[in-house]
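Asks: here's my sequence, what's the structure:
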Amino acid sequence: MKLILIAARAKNNVIGKENDLLWRLPADFKRFKSITSGHFILMGRKTFLSLGKPLPNRTHLVITRDSTFEVPEGHYTFQNFEEAFTFCNKLNLEELFIIGGGEIYKQTLPMADKLMLTEVEAELDGDTYFPEFDPKDWKITFEEYHPTDEKHRYAFRFVDYERKNSK
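Replies: The predicted structure follows:
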């Protein structure tokens, strides 16, 4: 199973503040939806709560230490990554998308096969960060620049990385 981290980050690695995004980039939302639709997405409890409700056409896997935390039918909670990965492997999933938050990204980055990042051309104040990674360990497989416009306050790039010497 390939682990794919998908995130939008500012130049200073900020991904959010007070459990919310710091930007609204319609092209990024559209890309996220097209990439993750029909797939399993793994996240922490706070990220799940920030969504308000499960995203359509995706199966949500939520990591939480709260054994009483409930998700709607057809979605699942796990106490740790090992439980979630075992569940996914039993289903023979080809890909699992990791969608946050910061601590989830930090813990799964060492196992990730691919990063699908929206790199926002801004340095913003936040309290949640995407972890640092060594670019020497990754190769860029896709890159697309988007300038600012009437719908996008910040310029950004879609950049996909694959781990060199992947498992």
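Asks: wait, residue 28 touches residue 156, no?
Replies: Yes: with contact defined as C-beta atoms under 8 Å, residue 28 counts as touching residue 156 (6.8 Å). In short, each C-beta sits where N, CA and C put it, glycine included.
Asks: now do the shared contacts for these two.
Replies: Jointly contacting residue 28 and residue 156 under the rule C-beta atoms under 8 Å, 6 or more residues apart in numbering are 8, 118.
Asks: neighbours of residue 27, how many?
Replies: 15 (other C-beta atoms under 10 Å).
Asks: still on that earlier bit, ok, residue 28 and residue 156, which is more surrounded?
Replies: residue 156 (25 against 19).
Asks: dump the residue contacts of the more buried one.
Replies: When contacts are counted by C-beta under 8 Å, 6+ apart, residue 156 touches 8, 25, 27-28, 118-121, 145-146.
Asks: can you check residue 6 too?
Replies: Neighbours of residue 6 in contact, by C-beta under 8 Å, 6+ apart: 32, 35-36, 97-99, 115-117.
Asks: over to residue 85?
Replies: Residue 85 makes contact with 1, 96, according to C-beta under 8 Å, 6+ apart.
Asks: just residue 33 next, same as before
Replies: Counted by C-beta under 8 Å, 6+ apart, residue 33 has contacts residue 55.
Asks: could you point out which element follows whichever strand or helix holds it?
Replies: Using DSSP states H and E, residue 33 sits in helix 26-36. Sequence-wise, the next helix or strand downstream of helix 26-36 (DSSP H and E) is strand 40-44.
Asks: and that following strand, how far out from the chain middle?
Replies: Strand 40-44 has its average C-alpha position 8 Å from the chain's average C-alpha position, going by C-alpha atoms, centre = their mean, to the nearest Å.
Asks: which parts of this protein are helices?
Replies: For the chain, the helices defined by DSSP state H occupy 26-36, 45-51, 81-90, 102-108.
Asks: and residue 151, which of the ones you listed is closest to it?
Replies: Residue 151 lies closest to helix 26-36 among the helices of the chain, at 5.2 Å (C-beta to C-beta).
Asks: in the closest one, which residues are buried?
Replies: 28, 31-32, 35-36 (16 or more other C-beta atoms under 10 Å).
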